[in-house]
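Chemist: Got a sequence here, can you model it:
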Amino acid sequence: MDEYHYEINPKGHVWEQEEDYEEVNFFAYNIDFHNGPRCVNCGYEFCHHCIDNENMKPCVCREETDADARNKPDSSSSTSEVERDGN
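Modeler: Just a heads-up that it's a prediction; the model follows:
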């Protein structure tokens, strides 16, 4: 089976997998004639027939994770042993 755009470029999403397979469950979102994946982190779901990759929203959990990483203090700027001892 060919990969869909959301499998190749998930924009930070972690898609729900089929129970017995290691494939994206593209019926996790299933309303009327619309179906698609669902992110296990943020719950984002969409119809993979109606939404293309450009209009797919990025995972808000991923954005928060990226922002946390940017705001994390640099380990190289930590206080040395000498500074803590006062010598």
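Chemist: what kind of secondary structure is residue 54 in?
Modeler: helix (DSSP: H, G, I helix; E, B strand; the rest coil).
Chemist: ok, it - how many residues close by?
Modeler: Here the number of neighbours of residue 54 (other C-beta atoms under 10 Å) works out to 6. All C-beta atoms are positioned from the backbone trio N, CA, C, and that covers glycine.
Chemist: same question, residue 9
Modeler: Residue 9: 12 surrounding residues under other C-beta under 10 Å.
Chemist: Do me a favour and get the end-to-end distance for stretch 35-54?
Modeler: Across stretch 35-54, the terminal residues are separated by 18 Å (C-alpha to C-alpha, to the nearest Å).
Chemist: pLDDT averaged over it - what is it?
Modeler: Per-residue confidence for stretch 35-54 averages out to 91 on the pLDDT scale.
Chemist: Please apply the same query to stretch 59-73.
Modeler: For stretch 59-73, mean pLDDT rounds to 60.
Chemist: Need the pLDDT of residue 87.
Modeler: pLDDT, residue 87: 48.
Chemist: burial count for residue 43?
Modeler: When neighbours are counted by other C-beta under 10 Å, residue 43 registers 11.
Chemist: Unless I misread the structure, it falls within a strand.
Modeler: No. According to three-state DSSP, the state of residue 43 is coil, so it is not within a strand.
Chemist: Can you show me the helices along the protein?
Modeler: Using DSSP state H, the helices assigned to the chain run over residues 5-8, 60-71, 81-85.
Chemist: okay, the shortest one in PDB with CA atoms only?
Modeler: Taking C-alpha atoms only, helix 5-8 is exported to PDB below (Å, rounded to 0.1, in the frame of the first residue of the first chain):
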ATOM      1  CA  HIS A   5       1.100  12.400   2.800                       C
ATOM      2  CA  TYR A   6       0.300  12.300   6.600                       C
ATOM      3  CA  GLU A   7       2.400   9.200   7.000                       C
ATOM      4  CA  ILE A   8       5.400  10.700   5.200                       C
END
